[in-house]
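Engineer: Need the 3D shape of this:
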Amino acid sequence: MTTQKKTKMLTHKQMISKMLKKPAVKAAVKELDRTEFAILDEILTARKEAGLTQAQVAKKMGTQTPAIARLESSLATGKHSPSLSTLESTR
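Structural biologist: Have a look, this model is predicted:
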């Protein structure tokens with residue numbers, strides 16, 4: 001008869017916290033954040049240089065104006081940004 005060791009289930013938040021303690025994981029996340037914010041910055045700069053409003057960009061992307069506002073707000077605040085896959089899905 002074999003006994004199995006019981007593993008405590010972690011919440012998503014606990015798992016993230018545990019993984020971010022690993023230097024390699026923390027560095028990879030930081031690099032991804034830098035890449036995404038650089039892309040967001042380019043999008044905002046391009047919109048302003050083209051003289052387009054958020055509503056005009058939203059229409060061209062097939063989305064709603066508030067989505068563009070949230071995208072640009074995330075750049076300004078440094079808080080949650082959309083993933084690159086989300087941005088690609090608007091093509």
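Engineer: And the helix of greatest length in the chain, what does it pack against?
Structural biologist: As assigned by DSSP state H, the longest helix anywhere in the chain is helix 23-50. Contacts defined by 3 or more CB pairs under 8 Å, 6 or more residues apart in numbering; DSSP states H and E place helix 23-50 against helix 65-77, helix 84-88. C-beta coordinates here come from the backbone N, C-alpha and C atoms, glycine included.
Engineer: Buried residues in that helix, which are they?
Structural biologist: For helix 23-50, a neighbour-count test (16 or more other CB atoms under 10 Å) marks 36, 40, 43-44, 47 as buried.
Engineer: if we can go back for a sec, in terms of mean pLDDT, which of the helices and strands packed on helix 23-50 ranks lowest?
Structural biologist: Among the helices and strands packed on helix 23-50, helix 84-88 has the lowest mean pLDDT, at a mean of 59.
Engineer: pLDDT weak spots in the protein?
Structural biologist: Filtered on pLDDT under 70, the chain yields the residue ranges 1-4, 75-91.
Engineer: mind redoing it with 90?
Structural biologist: 1-17, 19-20, 25-47, 58, 61-64, 67-91 (pLDDT under 90).
Engineer: Let me know how buried Ser73 is, in neighbour terms.
Structural biologist: 13 (other CB atoms under 10 Å).
Engineer: Kindly provide the distance from it to Gln54.
Structural biologist: Noted for Ser73: a distance of 10 Å to Gln54, by CB to CB, to the nearest Å.
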